[in-house]
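Asker: Here is a sequence with its predicted model. Questions after.
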Amino acid sequence: MTLITDVRLRRILDSRGNPTVEADVVTESGGFGRAAAPSGASTGEYEAVERPPSEAIAAAREDAVPRLVGEAYAGNQREVDAALHAADGTDDFSEIGANSAVAISMAAAKAGADVLGAPLFQHLGGAFRGQNFPIPLGNVVGGGEHAADATDIQEFLVAPVGAPSVEDAVFANATVHSTVADLLEERDVPCGKGDEGAWAPSIDDSEAFEIVDEAVSIVQDEVGFNIGFGLDVAGAELYDSDAGTYEYSDRSRDTDEQIEYIAELVREYDLVYVEDPLDEDDYDAFADLTDEVGDQTLICGDDLFVTNTDRLVEGIDRGAANSILIKPNQIGTLTDAFDAIELAAQNGYDPVISHRSGETEDTTIAHLAVATDAPFIKTGAVGGERTAKLNELIRIADDAT
Ligand SMILES: C=C(OP(=O)(O)O)C(=O)O
Ligand SMILES: [Mg+2]
């Protein structure tokens, strides 16, 4: 019943106004799945390759579609994803493009769920999923590659760790987002928003810490549960590999100073989450920082691991980080993303399912987080392409109870 009978690919708009790949998968019994590829701006060097959408679509039509239509079953995700790898024939999806691959992979999963009449998270995770929900990490202030003339640190993320429900957590993040706007206005700081909907004021990182800290305490008192916050430093974007230093607007830090700086921030602000505090090639520095504060906070590898099990194995061997960011388009298929999540969980690394800065209305990652019992999901706080995922989590929780 889930034999794939048609795969259609098209260019659609992403949230930055750039083209991206959307895939439709149709099955023998009329099952239908549609999914779209997201796109990064602060991409890791070791990510699978995103090709220009029209090239990715042409290559996938020629090489991948014939291996799927009449050949593969949408309900058999490993078979679909193996066909995508075979069609591509490279290690990094540079032939058909990770954007075509991930759109087809996710659309096939949705078609498989459609035939079963089950929600996607249940098709992917089984009948016993849907009891636990991830804590949403909400981006409220940001800069780096996501906004010009704003903070050096890419993302200041709210983490409502004490929220009694996913709905309370989602609304708490949105309230912190609007409270940050009030505090910025009080300080006469004008600002627009960055790519992920976070405020992008022209302030330095230390002022951003003050404001986010204050906003979090105000909202915490209002809602009556514990709210923490964290960061995506996007260290590789700050790192100057020739000089061996992290370049901030006001100063440089060498690797030891960067480790000390982050460790101090963890202690001072009780940070619950720190993503990519160091360069994507520096497993040793990640290991040193994990040694120092890994018992107090999550040290998450995004550009470090790029959802890749080989890189995660290296990290596990060397004690680098204690958490991994999972972005399906960094690796190209749901099977590869699942393998990374399972390897992480088996080794005590918390998987954090994540959006990209360029997004669409696609909600697959909300289901992936529930399907894998991931403790966190990073998918912004406001903005239609972000609330698509957050509202889907609320719907899943509502349907499951
Ligand atoms: C979501 C992120 O940004 P991008 O999609 O630009 O890599 C990130 O760095 O975690
Ligand atoms: Mg990141």
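Answerer: Ah, there it is. This structure is a prediction, so every number in the text was calculated from the model and none was measured. Residues are numbered from 1 along each chain as shown. Ligands and ions are numbered 1, 2, ... in the order given.

Asker: residues from the stretch 251-400 of the chain in reach of ligand 2?
Answerer: Applying Cβ under 5 Å from the ion, we find that the stretch 251-400 of the chain lies next to ligand 2 at 275, 302. (Glycine included, C-beta is placed from N, CA and C.)

Asker: Which neighbouring elements make contact with the longest helix along the chain?
Answerer: The single longest helix within the chain, with elements called by DSSP state H, is helix 166-186. Helix 166-186 makes packing contacts with strand 135-142, strand 155-159, strand 199-201, helix 205-223, helix 384-400 when contacts are defined by 3 or more Cβ pairs under 8 Å, 6 or more residues apart in numbering; DSSP states H and E.

Asker: at 7 Å instead, please
Answerer: Judged by 3 or more Cβ pairs under 7 Å, 6 or more residues apart in numbering; DSSP states H and E, helix 166-186 is in contact with strand 135-142, strand 199-201, helix 205-223, helix 384-400.

Asker: got a pLDDT number for the residue of the stretch 201-350 of the chain found nearest ligand 2?
Answerer: Residue of the stretch 201-350 of the chain nearest ligand 2, by Cβ to the ion: residue 302 (3.5 Å). Residue 302 carries a pLDDT value of 98.

Asker: same check, this time on the one 5 residues further on
Answerer: Looking at residue 307, its pLDDT stands at 98.

Asker: Please identify the deepest-packed of the helices and strands packed on helix 166-186.
Answerer: Of all the helices and strands packed on helix 166-186, strand 135-142 carries the top mean neighbour count, a mean of 29, counting by mean count of other Cβ atoms under 10 Å.

Asker: For that strand, which helices and strands make contact with it?
Answerer: strand 155-159, helix 166-186, strand 199-201, helix 205-223, strand 376-378.

Asker: who's in contact with residue 101?
Answerer: Applying Cβ atoms under 7 Å, 6 or more residues apart in numbering, we find residue 101 in contact with 84, 88, 93, 332, 333.

Asker: thinking again about what came up before, for the helices and strands packed on strand 135-142, give me JSON lines that also has mean pLDDT.
Answerer: Shown next, in JSON lines, are those (pLDDT from 0 to 100):
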{"stretch": "strand 155-159", "mean pLDDT": "98"}
{"stretch": "helix 166-186", "mean pLDDT": "98"}
{"stretch": "strand 199-201", "mean pLDDT": "97"}
{"stretch": "helix 205-223", "mean pLDDT": "98"}
{"stretch": "strand 376-378", "mean pLDDT": "98"}
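
Asker: hang on, the earlier thing: need the contact partners of the longest helix of the chain.
Answerer: Under Cβ under 7 Å, 6+ apart, the answer for helix 166-186 is 133, 135-136, 138, 140-141, 158, 160, 163, 191, 199, 201, 211-212, 214-216, 218-219, 223, 227, 381-382, 390, 393-394, 397.

Asker: Can you give me the neighbour number for the nearest residue to the residue of the stretch 201-350 of the chain closest to ligand 2 once chain neighbours are set aside?
Answerer: Closest residue to residue 302 apart from its sequence neighbours, by Cβ to Cβ, 6 or more residues apart in numbering: residue 325 at 3.9 Å. Burial of residue 325 is recorded as 26 neighbouring residues (other Cβ atoms under 10 Å).

Asker: Residue 325 sits in which helix or strand?
Answerer: Assessed by DSSP states H and E, residue 325 sits inside strand 323-326.

Asker: Who are the packing partners of the next helix or strand after that strand?
Answerer: Downstream of strand 323-326, the first helix or strand assigned by DSSP H and E is helix 328-331. If contacts are counted by 3+ Cβ pairs under 7 Å, 6+ apart, helix 328-331 sits against helix 98-116, helix 334-346.

Asker: most neighbours per residue, which of the ones you listed?
Answerer: Comparing the helices and strands packed on helix 328-331 by mean neighbour count (mean count of other Cβ under 10 Å), helix 98-116 comes out on top with a mean of 28.

Asker: hmm, it touching ligand 1?
Answerer: No - using Cβ under 6 Å from any ligand atom, helix 98-116 never reaches ligand 1; the gap is at least 12.8 Å.

Asker: Quick one: name whatever helix or strand follows that helix.
Answerer: Past helix 98-116, the next helix or strand by DSSP H and E is helix 120-125.

Asker: Point out the residues in the stretch 151-300 of the chain that sit beside ligand 1.
Answerer: Near ligand 1, when you scan the stretch 151-300 of the chain using Cβ under 6 Å from any ligand atom, you find 232, 234.

Asker: if we can go back for a sec, max pairwise distance over the contacts of residue 101: which two?
Answerer: Greatest spatial distance among the contacts of residue 101 (Cβ to Cβ): 88 and 333, at 9.9 Å.

Asker: So what pairs up with residue 239 in the strands?
Answerer: Per DSSP bridges, the residues bridged to residue 239 are residue 246.

Asker: what residues go with each domain of this protein?
Answerer: Recorded structural domains for the chain (assignment: automatic domain parsing) are 4-117, 135-400.

Asker: chain center to the first one: distance?
Answerer: Just to be clear, that refers to domain 4-117. In this view, domain 4-117 has its centroid 18 Å away from the chain centroid, taken as Cα atoms, centre = their mean, to the nearest Å.

Asker: do stretch 267-276 as well
Answerer: With Cα atoms, centre = their mean, you get 18 Å for stretch 267-276.

Asker: how about that stretch: buried residues?
Answerer: Across stretch 267-276, burial judged by 16 or more other Cβ atoms under 10 Å covers 269, 271, 272, 273, 274, 275, 276.

Asker: wait, which of the residues you listed is closest to residue 47?
Answerer: Using Cβ to Cβ, the buried residues of stretch 267-276 come closest to residue 47 at residue 276, 13.0 Å.

Asker: Verify the contact between the closest one and residue 303 for me.
Answerer: Yes - using Cβ atoms under 7 Å, residue 276 is in contact with residue 303, at 5.4 Å.

Asker: next helix or strand past the longest helix of the chain?
Answerer: strand 191-193.

Asker: Check the gap between the residue of the stretch 1-150 of the chain found nearest ligand 1 and ligand 2 for me.
Answerer: Closest to ligand 1 within the stretch 1-150 of the chain is residue 40: 3.2 Å, counting by Cβ to the nearest ligand atom. For residue 40, the distance to ligand 2 (Cβ to the ion, to the nearest Å) stands at 8 Å.
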